[in-house]
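>>> dropping a prediction and its sequence here:
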Amino acid sequence: MNNTKWWQTAVIYQIYPRSFQDSDGDGIGDLRGIINRLDYLEQLGITAIWLSPVYKSPNDDNGYDISNYQEIMSEFGTMEDMDELIERAKLRNIRIIMDLVVNHTSDEHPWFIEARKGKDNPYRNYYIWRDPVNGGVPNSLRSTFSGSAWEFDEASGQYYLHLFSRRQPDLNWENSKVRQEVWDMMNFWLDKGVGGFRMDVIDLVGKIPDQEITGNGPKLHEYLQDMNRETFGKHDVLTVGETWGATPEVAKLYSDPDRNELSMVFQFEHIGLDQQDGGEKWDLKPLDVSELKQVLAKWQTELGNAGWNSLFWNNHDLPRIVSRWGDDKQYRVQSSKMFAILLHLMKGTPYIYQGEEIGMTNYPIQEISEAQDIETINMYQERIAEGYAKEDIIHSINVKGRDNARTPVQWDHSPNGGFTTGEPWLHVNPNYKEINMEANLKDPDSVFHCYRKLIELRKNNPIVVWGDFELLTRVPDQVFMYFRRYEGETWLVTANFSREATTLELPETGQAGEFIIGNYTRDDVDFKQLQLQPYEAFAVKLA
Ligand code: GLC
């Protein structure tokens, strides 16, 4: 391929720094901790790290509320540590992708402190202020973290907009000064040699609050084209937008190379499949595997050459996939590997969230006092006030809450899983003695070694990067099978999404050739009588 970009053949690893590795015993992960683990990441084989926010922040939303974009959070270290991380990662051919959180700032950002001083302040228009309507909120926009998106400011008698917590006021992107500030800040980081940006809720920056339009506002793509031209367009970097409502059509607007916007977006259609229609993420319904197949197949085929997919099951906002749609008890290892094999042999750029590669699981809580996450805590209070039963709310939190993915990374069997010598900021999952990095490295059949091998397969086989995708439809609902085809070669990937064994008859598929990877040992692959074990997954070349 002539115009190959490095990020098309890459595998990205997401670090949530607060929970990755503490180096100084304060119970909070830090940059030095990441530097100390670069050998491990190199061994895994990843190309780049997406670093969740490390900037100065009062931590109302764990760093997604930024009070200075050009300073490092003191618990995480210093700018010197950051420069060293970029430098040392580069020596291992690992790039650092920064989290760009510019839909909002912290209420402690100097711009907001100024803006709050009064209607005439030069920074007032950096944020979104409205007069009361009939003595109340300007309209019915809601915050993702519960309640109205409007917060009353006593001093000026106006409301300001916050689509997340009241401590995360929304920036006013209509103001060209705000956009210029963002471009300058991005160039500051690009000059340091970062590998790109993951753009937090970027689909919201074109909002028209008065019409209650938040996502995909009319000027969104104009802003992104300006951003590309003014900042990263001159650099060889990866840019990925977080876009919750994106359809393939919308994704092409962002990622069609001819439009000069972003490299790719995170789409979340598959992530919503266990949520009731019209409900919130807490309103649960079981996953229908046939819907999952359809959604993922659609994304695999519809972008064509006018876009690029990101591939993920997990991030810091989502529960652990093995607990969510797999089996985190009896078949934990098998189902963890099944998700890995299924996703990593698709077309697109895979993202691994810290701990996924060692098979980490959700950690259920009993009481709301054990939760740290603002989204969870606010929702709990709101639903209690609305009369929901406490057990139901706690159940939803244990299935979907964000703390599930944020428990500290389990490195070894020493106290706190080797994450910290102090008191961890969030409980360590008590299963760390069994599930940890050290145990994974020692066991050639571990989840880790499956991920390592999948990354290697992508590096060495153009079919994994470029091959056409085709879903196999004549199979039972719980079996997910697809072909990849490239230059006369065909691979077949199979995953049994069930704790039951099953037998398929697929004589028309032909003859199996070389076995590529799997989560069970098997003697052969016979399509006339294909027996699948619980959560079995494998890839095989067709003869
Ligand atoms: C994104 C982040 C999430 C954060 C929110 C507000 O969805 O991934 O963690 O709370 O934006 O910044």
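Good, I have the coordinates. Residues are numbered from 1 along each chain as shown.
>>> near the ligand, which residues of the stretch 251-400 of the chain? Just list them.
Contact residues, the stretch 251-400 of the chain versus the ligand (CB under 6 Å from any ligand atom): 316-317. The C-beta positions use only the backbone N, C-alpha and C, and glycine is treated the same way.
>>> show me where the stretch 251-400 of the chain has strands.
264-266, 310-311, 349-353 (DSSP state E, counting those that start in this stretch).
>>> reformat these as JSON lines; add mean pLDDT and mean neighbour count.
Rendered in JSON lines, the data for these read as follows (pLDDT from 0 to 100; neighbours: other CB atoms under 10 Å):
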{"stretch": "strand 264-266", "mean pLDDT": "98", "mean neighbour count": "24"}
{"stretch": "strand 310-311", "mean pLDDT": "98", "mean neighbour count": "22"}
{"stretch": "strand 349-353", "mean pLDDT": "99", "mean neighbour count": "24"}
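>>> residue in this protein nearest to the ligand?
When scored by CB to the nearest ligand atom, the chain has Tyr64 as its residue closest to the ligand, at 3.4 Å.
>>> look up how far Val201 lies from the spatially closest residue to that residue that is not a sequence neighbour.
Leaving aside its sequence neighbours, Tyr64 sits nearest to Val101 (CB to CB, 6 or more residues apart in numbering; 5.4 Å). The gap separating Val101 from Val201 is 8 Å, by CB to CB, to the nearest Å.
>>> then Ala405?
Ala405 is 18 Å from Val201, by CB to CB.
>>> next: Glu302.
Applying CB to CB to Glu302 and Val201 gives a distance of 23 Å.
>>> the two - which one has more neighbours?
Val201 (20 against 15; other CB atoms under 10 Å).
>>> residue numbers of this protein in contact with the ligand?
61, 64, 101, 164, 200-201, 242, 316-317.
>>> for the residues you listed, pick the one with the most neighbours.
Of the residues of the chain next to the ligand, with other CB under 10 Å as the count, Val101 tops at 27 neighbours.
>>> residues in contact with that residue?
53, 55, 64, 66, 200 (CB atoms under 8 Å, 6 or more residues apart in numbering).
>>> pretty sure the second one sits against Asp65.
Read it as Tyr55. No: contact between Tyr55 and Asp65 fails when scored by CB atoms under 8 Å: they sit 9.7 Å apart.
>>> looking at the two, which is more packed in?
Neighbour tally, Tyr55 and Asp65, criterion other CB under 10 Å: the higher count belongs to Asp65, 26 against 22.
>>> what about the more buried one, which SS state?
coil (DSSP: H, G, I helix; E, B strand; the rest coil).
>>> pretty sure it sits against Asn103.
No: using CB under 8 Å, Asp65 is not in contact with Asn103, being 11.1 Å away.
>>> residues contacting the longest helix seen in the chain, please?
Scanning the chain for the helix with the most residues, using DSSP state H, yields helix 176-191. Here helix 176-191 makes contact (CB under 8 Å, 6+ apart) with 69-70, 98, 100, 102, 111, 125-126, 171-173, 197, 223, 226-227, 230-232, 235, 237.
>>> pLDDT of it, averaged?
For helix 176-191, mean pLDDT rounds to 98.
>>> what of stretch 429-445?
Here the average pLDDT along stretch 429-445 is 98.
>>> for it, buried residues please.
With burial defined by 16 or more other CB atoms under 10 Å, the residues of stretch 429-445 counted as buried are 429, 431-432, 435-437, 439-441.
>>> equivalent analysis for stretch 163-180, please.
Result for stretch 163-180 [16+ other CB under 10 Å]: buried residues 163-175, 178-179.
>>> got the CA coordinates for that stretch in CSV?
Provided in CSV are the C-alpha atoms of stretch 163-180 (Å, rounded to 0.1, in the frame of the first residue of the first chain):
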residue,chain,number,x,y,z
LEU,A,163,-22.9,18.9,29.7
PHE,A,164,-20.9,17.0,32.3
SER,A,165,-20.5,17.9,36.0
ARG,A,166,-21.1,21.4,37.2
ARG,A,167,-17.4,21.6,37.7
GLN,A,168,-16.9,21.1,33.9
PRO,A,169,-18.2,24.2,32.3
ASP,A,170,-18.6,23.9,28.5
LEU,A,171,-16.3,26.1,26.3
ASN,A,172,-17.9,28.4,23.8
TRP,A,173,-16.5,27.1,20.5
GLU,A,174,-18.4,29.9,18.6
ASN,A,175,-15.8,32.3,20.0
SER,A,176,-12.8,32.3,17.7
LYS,A,177,-10.5,33.2,20.6
VAL,A,178,-11.4,29.9,22.3
ARG,A,179,-10.6,28.0,19.1
GLN,A,180,-7.3,29.8,18.8
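>>> how far does that stretch sit from the chain's center?
23 Å (CA atoms, centre = their mean, to the nearest Å).
>>> let me know the pLDDT of the residue nearest to Asn3 when sequence neighbours are not counted.
Once flanking residues are discounted, Asn3 sits nearest to Pro257: 7.9 Å by CB to CB, 6+ apart. With respect to pLDDT, Pro257 scores 95.
>>> this protein - how does it break down into domains?
Following the TED database, the chain resolves into domains at 1-95+316-363+407-460, 110-161, 177-308, 466-542.
>>> which one of the ones you listed is the most hemmed in?
domain 1-95+316-363+407-460 (a mean of 20; mean count of other CB atoms under 10 Å).
>>> rewinding a little: from the contacts of helix 176-191, which ones fall inside strands?
Within the contacts of helix 176-191, residues falling in strands by DSSP state E are 69-70, 98, 100, 197.
>>> check the residues you listed and tell me the two furthest apart.
Within those, Gln70 and Phe197 form the most distant pair, 14.6 Å apart (CB to CB).
>>> which parts of the stretch 51-200 of the chain are helices?
Using DSSP state H, counting those that start in this stretch, the helices of the stretch 51-200 of the chain run over 79-91, 110-115, 176-191.
>>> do you know the pLDDT at the residue nearest to Tyr64?
On the pLDDT scale, Val101 gets 98.
>>> do the same with the one 10 residues further on
With respect to pLDDT, Trp111 scores 98.
>>> same question for Asn2.
Asn2 is given a pLDDT of 55.
>>> what stretches of the stretch 151-300 of the chain score poorly on pLDDT?
By pLDDT under 70, the stretch 151-300 of the chain has no low-scoring segment.
>>> quick one on the thing from earlier: which of the buried residues of stretch 163-180 lies closest to Trp6?
Using CB to CB, these come closest to Trp6 at Arg179, 27.8 Å.
>>> now do the contacts for the residue positioned nearest the centre of the chain.
Note on the chain: the residue nearest the mean C-alpha position is Asn315, at 3.4 Å, using CA atoms, centre = their mean. Going by CB under 8 Å, 6+ apart, Asn315 touches 14, 266, 351, 353, 405.
>>> count of neighbours near the last one?
This points to Ala405. Neighbour tally, Ala405, other CB under 10 Å: 26.
>>> can you pull out the helices in the stretch 251-400 of the chain?
289-302, 321-324, 332-344, 374-385, 390-400.
>>> who wins for proximity to Ala537 among those helices?
Per CB to CB, nearest to Ala537 of the helices of the stretch 251-400 of the chain: helix 332-344, 3.9 Å.
>>> next, the angle strand 349-353 makes with the closest one.
150 degrees (axes from the mean of the first three to the mean of the last three CA atoms, to 10 degrees).
>>> avg pLDDT for helix 332-344?
98.
>>> same deal with stretch 528-542?
Here the average pLDDT along stretch 528-542 is 97.
>>> so what's Gly304 scoring on pLDDT?
At Gly304, pLDDT is 88.
>>> could you report the distance from it to Lys207?
Gly304 is 29 Å from Lys207, by CB to CB.
>>> repeat for Asp61
19 Å.
>>> could you do Gly387 as well?
32 Å.
>>> which ones are touching the residue lying closest to His270 once chain neighbours are set aside?
Spatial nearest neighbour of His270, chain neighbours left out: Val295 (4.9 Å); criterion: CB to CB, 6+ apart. Listed by CB under 8 Å, 6+ apart, the contact partners of Val295 are 269-270, 273.
>>> doesn't Val409 belong to a helix?
No: assessed with three-state DSSP, Val409 is coil; it does not lie in a helix.
>>> phi, psi of it?
phi -60, psi 140 (degrees, to the nearest 10).
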